[in-house]
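K.L.:
structure here, sequence nowhere to be found:
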């Protein structure tokens, strides 16, 4: 519990600092340079395109629905992940409306919603991290737990990078999205740990 509180505190600080730097315009130059640095030719498709498509809401809904509907995963995995996914999606929409940050002008994919924070980064980090927390207790060895954690968290990381790659999000949108996703997953992991323990 103490470790999770420390991580939540660190994520809150990183979120606050990055939010200020991004929304104040203090890192405008860096945020304009980064997409061109990692995608200098403005390419659309390939590795990052696959991940940006995988990060869409449809796949999340399919995965969560399957976990909820399957009796073997419903209670201890499906419902916790569903709660995290719904909470993250709603919070993301609310923050987007309140902040109302426009997306980069030279975006490579056509998207009409507001930019801050990145929904791909926030929602997928929350969902996949919570999925890792739910699965790891069933891993028999430490290497299995490590592999499970790394595999499930690398997906939202690459999804976030893909949003910068296609210049549909600023660097600060993605970092803040990851931070909020991590906080949501950590909070709900503790809530459901107590619920399942008392069941």
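P.N.:
Good, I have the coordinates. Since we're looking at a predicted model, the values are computed, not measured.
K.L.:
where in this structure is pLDDT low?
P.N.:
195-199 (pLDDT under 70).
K.L.:
now the helices for it?
P.N.:
Under the criterion DSSP state H, the chain contains helices at 2-24, 28-38, 46-54, 57-69, 71-73, 79-99, 119-135, 142-165, 171-198.
K.L.:
dump the ones you listed to a markdown table, plus mean neighbour count and distance to residue 112.
P.N.:
Where you see a C-beta, it was placed from the backbone N, CA and C, and this is true even at glycine. Formatted as a markdown table, the helices of the chain follow (neighbours: other C-beta atoms under 10 Å; distance: least, C-beta to C-beta, whole Å):
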| stretch | mean neighbour count | distance to residue 112 |
| --- | --- | --- |
| helix 2-24 | 14 | 20 |
| helix 28-38 | 14 | 19 |
| helix 46-54 | 16 | 16 |
| helix 57-69 | 15 | 15 |
| helix 71-73 | 11 | 35 |
| helix 79-99 | 18 | 12 |
| helix 119-135 | 26 | 13 |
| helix 142-165 | 18 | 15 |
| helix 171-198 | 21 | 15 |
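K.L.:
now residue 48. Nearest residue, chain neighbours left out?
P.N.:
residue 162 (4.0 Å; C-beta to C-beta, 6 or more residues apart in numbering).
K.L.:
distance of that neighbour from residue 93?
P.N.:
According to C-beta to C-beta, to the nearest Å, residue 162 and residue 93 sit 21 Å apart.
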